[in-house]
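**Student:** next come a sequence and a model predicted from it.
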Amino acid sequence: YCDAHSHSRRKNLFMFGCTNVDSKTEVMKERIFPMIFSKECDAFRFDQCKFDVKPDKEGTARVAVRREFDILNSFTLECSVCGPTQGKLAGCHYNISALIGIGEKFCLALFNFTSDKKKIETTIKQLKKIYPTVNDLRAEDDPSRENDRGGSPEIIIPYNPNDKEVVKEKLSKEVLMAQRRANQKASGPVLVRGESLKVSSKSEVPRSFNNYSQ
């Protein structure tokens, strides 16, 4: 099961899943498809995927489908309304053609996931390198963790049409919230969580496991 949403506050393409860290036979299996997808689609970030289930997410479709129908691979696919920070489209806005391409890569990943045993075995080995023990998984999937994966928030400010250099600044949550409130009163900025993209009138708009050891 997978539902697809647009995400207004984070860039790139990523997934939310449901952890199986307490299962002896299904531990880490929920990460196999997202990892395969990340190999097929350069806009997809596995390191931004999250598999913890916080209390306020109990009513989401992915959690309900996992628990009520016992469907292991139950996901929410999140696609930024802005664009990716990596791959061929880095720094661009998604367009219809790009979204169709993402759908094609999703189907390819699904095909490999259901038919390519070697790719699954390779993916499991890769995941075991990332999570050597169940304790590593448990720490990653701890619902009390507050920090999002994918690094600190950044602000990107293009200077002028002839200057392609961008400045990235690490900002505190307080500064970001203050800037967001200020920008909401203006008509120019485009807002995303952790990022405020300001474009002046003279600037260009950016281009549109069963054997797992416990």
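**Tutor:** Now that the structure is in, tell me what you want to look at.
**Student:** from now on I want contacts and neighbour counts done on CA atoms only, so please keep to that.
**Tutor:** Noted.
**Student:** separation between the nearest residue to Gly83 once chain neighbours are set aside and Asn135?
**Tutor:** Nearest residue to Gly83, sequence neighbours excluded (Cα to Cα, 6 or more residues apart in numbering): His93, at 4.6 Å. According to Cα to Cα, to the nearest Å, His93 and Asn135 sit 38 Å apart.
**Student:** ok, Glu58 next?
**Tutor:** Applying Cα to Cα, the value for Glu58 to Asn135 is 23 Å.
**Student:** over to Pro84?
**Tutor:** Applying Cα to Cα, the value for Pro84 to Asn135 is 31 Å.
**Student:** show me which of these two is the more surrounded one.
**Tutor:** Under the criterion of other Cα atoms under 10 Å, the comparison of Pro84 against Asn135 puts Pro84 first, with 23 against 12.
**Student:** per-residue confidence for the closest residue in space to that one that isn't next to it in sequence?
**Tutor:** Closest residue to Pro84 apart from its sequence neighbours, by Cα to Cα, 6+ apart: Asn12 at 4.0 Å. pLDDT recorded at Asn12 is 92.
**Student:** and Asn12, what does it touch?
**Tutor:** Residues near Asn12 by Cα atoms under 8 Å, 6 or more residues apart in numbering: 43-45, 79-80, 83-86.
**Student:** narrow those residues to those that are buried.
**Tutor:** Burial by neighbour count, 16 or more other Cα atoms under 10 Å: within the contacts of Asn12 this picks out 43-45, 79-80, 83-85.
**Student:** and these, which is closest to Lys24?
**Tutor:** Lys24 lies nearest to Arg45 out of those, by Cα to Cα, at 27.1 Å.
**Student:** burial of the nearest residue to the closest one once chain neighbours are set aside, as a residue count?
**Tutor:** Spatial nearest neighbour of Arg45, chain neighbours left out: Phe14 (5.5 Å); criterion: Cα to Cα, 6+ apart. A count of neighbours around Phe14, defined by other Cα under 10 Å, yields 23.
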